[in-house]
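Enquirer: okay, here's the prediction I keep looking at, along with the sequence it came from:
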Amino acid sequence: MSTLAASIDDLRQNDRQWAAFTTTGHVVVMAPPGSGKTKLLATRIAYDLESLPEPQGIAGITLTNAAAGELRRRVAHLGVRPRANVFLGTVHSFAIQRILAPFAEVCGRGEVLGRQLATRKQRDRIFREAIGLVYADWEDTRGIRPTVERHRKMLATEDEWALAGPRIAEVSSHYERILASESLTDFDSLIVAAVDLVKENEFVKDLLIAKYPRIYVDEYQDLAPALDRIVRILCLEGRARSLLFAVGDHNQAIYGWTGTRPELLHELSSHLAVTRVELNKNYRCARNIISHASLLLNVGGVQGVSDGGTVKAFWCRTGVHEQAERSADIAEREIAAGTLAHEIGVLCPIGYYSTVVAEVFRRRGIPVCDNASPYGSSKVSIFIEKLAAWVAHGDSGQGVDFSDLAADWRFLLRRESDDIDIHVGLMKLVKESSAGEGEYAVDFIKRLLAAGLSAIYKDPATSEDASTLDEMLEAFEGGGELSEWTISDLAHRGKRDGRVSLFTVASCKGLEFDVSIILGAEEGMMPHFLSLRDQEKVAEDRRKFYVAVTRSRCKTYVLFSGFAEWGPGRSGRPSGPSRFLKEMNLIE
Ligand SMILES: Nc1ncnc2c1ncn2[C@@H]1O[C@H](COP(=O)(O)OP(=O)(O)OP(=O)(O)O)[C@@H](O)[C@H]1O
């Protein structure tokens, strides 16, 4: 039996998954963690691709590059061969590469593509200037920028801007004006331009529908309203329509602070043309984990497939170092008992905690893969890490296919042709670098820039990569968080096999482990002290905690000290264990 047939067979055993899989119209699947949403999505994509004649394709849209990578991996595992017009990527790259890049010029909006994407430093400066034009020096302006950014992302209406206060809208218009005067742009502006292009040009909509007659969306609850607009225009409005298959869970909505609107998932699922399917079986977590996690959000009716499971809390009274040592004890014990190292996940609230854990694990000889990184994941960071694996491990490249690398290199160089020079040039770079895998990561990246990688700064299609590359350079330069990193450290990132994995709580969505260890369960850290005055923010932190607790199949350990730590020697005041531990009945 093929892997696709086997996966379809699994779905057939579950009435609700089967109902979603076999629905012929638009479907929205709402379901708890571990209930098979991603499995359903990947299986349906693979199955649909078998029946769609080329050049018709599909667009599978996710929130993060990590989620896109996971979806691509799952679809490839189901035996789908590479073919044209298959897009599996983030909402940003869909808007920029598949809408703006091909259509902006012909729609008379070429100026959008002519602008450079502002770097983080440029955006910081322009925000400072814009705020300075509206507020006096003595005023407390700390919350202004996040409020402006949230409103821009949520495509706020005039009423919503007015509600935020007249000066907020004023800062926003100054910010946009200064950006434009310097021929710069940012992600939110690009996405708004993409929405406008689809909204205002019938032929753009028709061509997108012809190219992508099926649209799949993962984690719908966390996508910004702009994507909801695009999905609705392509799938639910007008005569010609793409078919929609979306999955999500409002209990896992964790990006509201950035301007996303989880209620859009509900609205979409209530649309007359949409079949709504609710799944209720959790295949991942053993029953005791589900019952503890369900207490957090008052979620009822979720059935666990396997018995047992434990959730335990431990007090590490002296702080994060003790939490790190305790995590190492647990990991050593689990590995000795037969758990594979990469089936252990350590989830940290902030980067500082994962740095301490990584140090302790390395000192104690426990192999570890630190994924809690100060830079984002996009095509360029994934490429650089894979290339580093080639440099450090020679031909084997730890399972990295060289022709895939060359294809990514061609994309980043913005070259069309299947140029032999690209292969040869990349080989040469690998050879030059192999001489010193102990070379600093920053020098390695600078060499790539000189070899042509700087092209990503000139093309809007790679604007997301340009911004990731800036973050990487900032982290690797002298004084940056990872200034000591070498090519060899880069090569280990993302290689979970045989290593305990470190993630931040905010980036552990979609992952699963046999055992997970959650650090930093302190009041003030989780929930965050900045959330404490706002019940909606506390509710979002609670959902984040719920996502973390539901990552493990068999055992969840939660560690707390009773006070938060923000950096070396920067401890918060004693605040006690997180309220979430009490809510889960883990402590009195
Ligand atoms: N019908 C099924 N039979 C067997 N295993 C299944 C079935 N459905 C899902 N699973 C398994 O359950 C686990 C969780 O599935 P998946 O990751 O797709 O869930 P999810 O709903 O996307 O979870 P989350 O929202 O927490 O990311 C996976 O290991 C998947 O293979």
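Expert: Thanks, I have it.
Enquirer: dihedrals phi and psi, the closest residue to the ligand within the stretch 301-450 of the chain?
Expert: With Cβ to the nearest ligand atom as the measure, V305 is the residue of the stretch 301-450 of the chain nearest to the ligand, at 7.7 Å. Where you see a C-beta, it was placed from the backbone N, CA and C, and this is true even at glycine. With angles defined as degrees, to the nearest 10, V305 shows backbone torsions of phi -90, psi -30.
Enquirer: where's it relative to V360, distance?
Expert: To V360, V305 is 35 Å away according to Cβ to Cβ, to the nearest Å.
Enquirer: close to the ligand, is the helix or strand harbouring K544?
Expert: Element membership of K544, judged by DSSP states H and E, is helix 535-549. No: judged by Cβ under 6 Å from any ligand atom, helix 535-549 and the ligand are separated, with a smallest distance of 7.2 Å.
Enquirer: that helix: what's the following helix or strand?
Expert: Scanning forward in sequence from helix 535-549 by DSSP H and E, the next helix or strand is strand 552-560.
Enquirer: and that next one, what does it pack onto?
Expert: Here strand 552-560 is seen to pack against helix 287-297, strand 310-315, helix 320-336, strand 513-518 when contacts are counted using 3 or more Cβ pairs under 8 Å, 6 or more residues apart in numbering; DSSP states H and E.
Enquirer: coming back round to it: more crowded one of V305 and V360?
Expert: V360 (20 against 15; other Cβ atoms under 10 Å).
Enquirer: the more buried one against A328, yeah?
Expert: Yes: under the contact definition of Cβ atoms under 8 Å, V360 touches A328, with a separation of 5.4 Å.
Enquirer: can you tell me the SS state at S501?
Expert: Recorded secondary structure, S501: strand (DSSP: H, G, I helix; E, B strand; the rest coil).
Enquirer: now it: how far from D218?
Expert: Distance of S501 to D218, computed by Cβ to Cβ: 21 Å.
Enquirer: what's the local residue count around D48?
Expert: Neighbour count for D48, taken as other Cβ under 10 Å: 17.
Enquirer: the chain should start at 835 in everything you say after this.
Expert: OK, 835 is where the count begins now, so the last one is D882.
Enquirer: so it sits right up against R1048, yeah?
Expert: Yes: because the distance of 5.5 Å satisfies Cβ under 8 Å, D882 is recorded as touching R1048.
Enquirer: what do those two both touch?
Expert: Residues touching both D882 and R1048 (Cβ atoms under 8 Å, 6 or more residues apart in numbering) are I892.
Enquirer: show the pLDDT at L1077.
Expert: pLDDT for L1077: 96.
Enquirer: now swap in L951 and tell me
Expert: 79.
Enquirer: the one 3 residues further on now?
Expert: Residue-level confidence at R954 comes out at 79, pLDDT.
Enquirer: surely it and T1302 touch.
Expert: No: contact status for R954 versus T1302: not in contact, 10.5 Å apart, counting by Cβ under 8 Å.
Enquirer: near the ligand, which residues of the stretch 1235-1384 of the chain show up?
Expert: When proximity is defined as Cβ under 6 Å from any ligand atom, the stretch 1235-1384 of the chain approaches the ligand at 1344, 1346, 1384.
Enquirer: contacts only, for the nearest residue to the residue of the stretch 1135-1284 of the chain closest to the ligand once chain neighbours are set aside.
Expert: Once flanking residues are discounted, V1139 sits nearest to Y1117: 5.1 Å by Cβ to Cβ, 6 or more residues apart in numbering. For Y1117, the contacting residues are 868-870, 1139, by Cβ under 8 Å, 6+ apart.
Enquirer: same question for A900.
Expert: Under the criterion of Cβ under 8 Å, 6+ apart, the contact list for A900 reads 1211, 1341, 1344.
Enquirer: now do the same for the last one: helix, strand or coil?
Expert: Read that as G1344. When the structure is reduced to helix, strand and coil (three-state DSSP), G1344 reads as coil.
Enquirer: ok, back up a step: tell me which of the contacts of Y1117 has the lowest pLDDT.
Expert: By predicted confidence (pLDDT), the lowest-ranked of these is V1139, with 89.
Enquirer: surely that residue meets K1115?
Expert: Yes: the criterion here is Cβ under 8 Å, and V1139 meets it with K1115 at 6.1 Å.
Enquirer: so which residues of the stretch 1085-1234 of the chain form strands?
Expert: Assigned strands in the stretch 1085-1234 of the chain, in chain order: 1108-1112, 1115-1116, 1137-1138, 1144-1149, 1178-1182, 1202-1204 (criterion: DSSP state E, counting those that start in this stretch).
Enquirer: comparing R954 and T1302, which residue is more hemmed in?
Expert: More neighbours sit around T1302 than around the other of R954 and T1302, counting by other Cβ under 10 Å; the figures are 22 against 12.
Enquirer: what sits against the nearest residue to that one once chain neighbours are set aside?
Expert: Nearest non-adjacent residue to T1302, counting by Cβ to Cβ, 6+ apart: S1212, 4.2 Å away. When contacts are counted by Cβ under 8 Å, 6+ apart, S1212 touches 899, 924, 1298-1299, 1301-1302.
Enquirer: list buried residues within these.
Expert: 899, 924, 1298-1299, 1301-1302 (16 or more other Cβ atoms under 10 Å).
Enquirer: need these in JSON lines with secondary structure, can you?
Expert: Rendered in JSON lines, the data for the buried ones among the contacts of S1212 read as follows (three-state DSSP):
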{"residue": "N899", "secondary structure": "helix"}
{"residue": "T924", "secondary structure": "strand"}
{"residue": "E1298", "secondary structure": "helix"}
{"residue": "D1299", "secondary structure": "helix"}
{"residue": "S1301", "secondary structure": "helix"}
{"residue": "T1302", "secondary structure": "helix"}
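Enquirer: tabulate the residues you listed (TSV), appending pLDDT.
Expert: Output for the buried ones among the contacts of S1212, formatted as TSV (pLDDT from 0 to 100):
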residue	pLDDT
N899	75
T924	84
E1298	76
D1299	84
S1301	80
T1302	85
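Enquirer: ok so F961 is a strand residue?
Expert: No: applying three-state DSSP, one finds F961 to be helix, outside a strand.
Enquirer: excluding its backbone neighbours, what's nearest it?
Expert: The shortest distance from F961 to any non-neighbouring residue, by Cβ to Cβ, 6+ apart, is to R979 (5.1 Å).
Enquirer: the one you found against E963, yeah?
Expert: No: with contact defined as Cβ under 8 Å, R979 does not reach E963; the gap is 11.7 Å.
Enquirer: the more surrounded of those two?
Expert: Neighbour totals were compared for R979 and E963, and R979 leads with 17 against 13 (other Cβ under 10 Å).
Enquirer: how far does the helix or strand where the more buried one lies sit from the chain's center?
Expert: Remark: R979 resides in helix 978-987, with elements defined by DSSP H and E. Relative to the centre of its chain, helix 978-987 is centred 20 Å away, using Cα atoms, centre = their mean, to the nearest Å.
Enquirer: now do the contacts for the residue of the stretch 1285-1422 of the chain found nearest the ligand.
Expert: Using Cβ to the nearest ligand atom, the closest approach of the stretch 1285-1422 of the chain to the ligand is made by G1344 at 4.2 Å. Taking Cβ under 8 Å, 6+ apart, we find G1344 in contact with 872, 900-901, 904, 1053.
Enquirer: looking at S1335 and D1052, which has the bigger crowd around it?
Expert: In this comparison of S1335 against D1052, neighbours counted by other Cβ under 10 Å, the higher total goes to D1052 at 26 against 23.
Enquirer: in space, what's closest to the more buried one - neighbours in sequence excluded?
Expert: Nearest to D1052 is T896, by Cβ to Cβ, 6+ apart, at 4.5 Å.
Enquirer: cool, and G944?
Expert: Counting by Cβ to Cβ, 6+ apart, G944 lies nearest to A938, which is 5.9 Å off, once chain neighbours are set aside.
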